[in-house]
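>>> I'll drop the sequence and a predicted model, then ask my questions.
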Amino acid sequence: MGEVISRKAATDDILKDVGTTLSNARSRKGDIAALAEERLGAIDALAAQQTNTLEGLKRALSPLRSDVAAAEVAAEHLVGGIYDTAWNLAGRVVGDPVLAVYFPGGSGYYTVPGPAEQVVRMGFLAELLETRLHPRLPESFVATALRPT
């Protein structure tokens, strides 16, 4: 006699067990096959459909993840360049209080959090730069930083 799978088992294990049970019952034919088909057939078909849908979505998502990763790298380079230029224009002063407002903890504040948060933080950086708080950052720098080529 077979073992009953735990209701606390992983979903993949349960669905695999459903498929195996249904397959075994179909091979026995007759009333057992009919009963298994009645109880498990729709579940097995739905699981197969959902698996196919999920695999299709993963295939469609793969190139988009690559695009996001490339955009993250480009954003990191952009923010790093803005930070370096601002620091140079400000006179390379260690502990400059206004640059600390623009870049709390350095450029990593805008590049570390992940794509969704990064977009919000970079928008915040743009707003901060538009305030022109730092007296040594010329307007041309701010305009260039906000509209990179």
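Nice, I can see it.

>>> which ones are touching the spatially most central residue of the chain?
Central residue of the chain (Cα atoms, centre = their mean): residue 115, 6.9 Å from the mean position. Applying Cβ atoms under 8 Å, 6 or more residues apart in numbering to residue 115 gives the contacts 68, 71-72. To be clear about C-beta, it is placed using only N, CA and C from the backbone, and glycine gets the same treatment.

>>> Show me what secondary structure element comes after the lengthiest helix in the chain.
If you go by DSSP state H, the chain has its longest helix at helix 30-89. Per DSSP states H and E, helix 30-89 leads on to helix 97-102 as the next helix or strand towards the C-terminus.

>>> For that following helix, give the mean pLDDT please.
Average pLDDT, helix 97-102: 93.

>>> next one: stretch 16-34
95.

>>> Go through that stretch and flag the buried ones.
Buried residues in stretch 16-34, defined by neighbour count with 16 or more other Cβ atoms under 10 Å: 17-18, 21-22, 25, 33.

>>> Need the residues that contact that stretch.
Stretch 16-34 has contacts (Cβ under 8 Å, 6+ apart) with 2, 5, 9, 35-37, 40-41, 43-44, 47.

>>> Could you dump these into a markdown table and include distance to residue 76 and neighbour count?
Converted to a markdown table, the contacts of stretch 16-34 look like this (distance: Cβ to Cβ, whole Å; neighbours: other Cβ atoms under 10 Å):
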| residue | distance to residue 76 | neighbour count |
| --- | --- | --- |
| 2 | 55 | 8 |
| 5 | 47 | 15 |
| 9 | 42 | 12 |
| 35 | 60 | 11 |
| 36 | 55 | 19 |
| 37 | 55 | 14 |
| 40 | 51 | 19 |
| 41 | 52 | 16 |
| 43 | 46 | 14 |
| 44 | 46 | 18 |
| 47 | 41 | 18 |
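
>>> For residue 105, list the residues it contacts.
If you count contacts by Cβ under 8 Å, 6+ apart, residue 105 has none.

>>> Look up phi and psi at it.
Per-residue torsions, residue 105: phi 80, psi 20 (degrees, to the nearest 10).

>>> separation between the residue lying farthest from the centre of the chain and residue 39?
For the chain, the residue at maximal distance from the C-alpha centroid (Cα atoms, centre = their mean) is residue 30, at 49.4 Å. Residue 30 sits 15 Å away from residue 39, going by Cβ to Cβ, to the nearest Å.
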